[in-house]
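Asker: coords please:
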Amino acid sequence: MRNDLAKEWKDELEGEQAQTPREPRIRFYRPSELVAFEPDEKSVLVGDCHIMRGEVGVIGGEPGVGKSTVATELAVCGANGRDWMGLQVKVRFKTLIIQNENGRYRLRLEYKARGLGAEIDDQILVSEPPPYGMTLTNPEFLEDVRAKIDSFQPDVVIFDPWNSAAKDDKASDYSSAFESLRGMLPKGGNRPALIIVAHTRKPQPTDKRTGGSG
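Answerer: Have a look, this model is predicted:
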C-alpha cells in the first residue's frame, strides 16, 4: 500500500514538472532585440560595466599582494558610495563576503583601521572562516549560505579565496566548484554580482619567461 502511494505521488510530481516549462539553458537574440533592450538602471554597480548584477568578476594576483583588502574596499565603497580603484560607484550596494582568510581578530583590525562600524552594518556581512572549510559539496553548508543570501539580499557576493573551494588545477574540479558557487545565488533580476578572489601561482625559478614579441 505504501509503495503504491509513493508511486502515485511520484507520478503526480512528474506530471506537474512536465506541465511546467523549464528555464532555457541558453537564449538567443536578434540585433534589433539587443538594441531595444532597456537595462535596469541599478544593474551597473561599478565603472563602465566593470561590476554588474548577475555577472562574474575576478580579483586575481599572487598571495600577499592585497586581494582581500581590495575586495573589502569594494564592499566599503559600495556601502558609502565612494569610487573604488578609480572606478565610479554608480549606486550604493550591499555586499556579502564569504571568506576563509581572516578570523574575527584580523577582521576587527581591518575595519577598525578604516574607522568603520555600525554605520555600515546594513550594507556589509562578512563570514568568519568556516570550521570545516569552504565545503561547496556539503548540502548543509550550501543551505546555510543560501539562507543568509535570501535574508540579506546582497547586490554583490565576494568569494575569497577561490582555491579554498577548488584545491586542484583540474578542469573538472574548477567546473564543479564554480557550478556549486553559482547555484547558491538567486536567479533572475535578484541575482547579485559574483566576485571571485583568486590566487595565481607564485612564479617558480624554473618557469620559462618570455618577453618582447614572445
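Asker: going forward, measure contacts and count neighbours with C-alpha atoms only.
Answerer: Noted.
Asker: so which strand or helix has D150?
Answerer: In the assignment (DSSP states H and E), D150 maps to helix 139-152.
Asker: ok now that helix, how far from the chain's centre?
Answerer: 13 Å (C-alpha atoms, centre = their mean, to the nearest Å).
Asker: which other helices and strands contact that helix?
Answerer: Helix 139-152 sits against no helix or strand, with contacts defined as 3 or more C-alpha pairs under 8 Å, 6 or more residues apart in numbering; DSSP states H and E.
Asker: what residues sit buried inside the helix or strand following that helix?
Answerer: The helix or strand immediately downstream of helix 139-152 is strand 156-160, counting by DSSP H and E. Burial within strand 156-160, assessed by neighbour count using 16 or more other C-alpha atoms under 10 Å, is assigned to V156, V157, I158, F159, D160.
Asker: for strand 156-160, name the packing helices and strands.
Answerer: For strand 156-160, the packing partners by 3+ C-alpha pairs under 8 Å, 6+ apart are strand 95-99, strand 193-199.
Asker: strands paired with the longest one, and their directions?
Answerer: Pairing partners of strand 193-199, with direction, according to DSSP bridges: strand 56-61 (parallel), strand 156-160 (parallel).
Asker: next, format those strands as TSV and append mean pLDDT.
Answerer: Shown next, in TSV, are the strands paired with strand 193-199 (pLDDT from 0 to 100):
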stretch	mean pLDDT
strand 56-61	93
strand 156-160	96
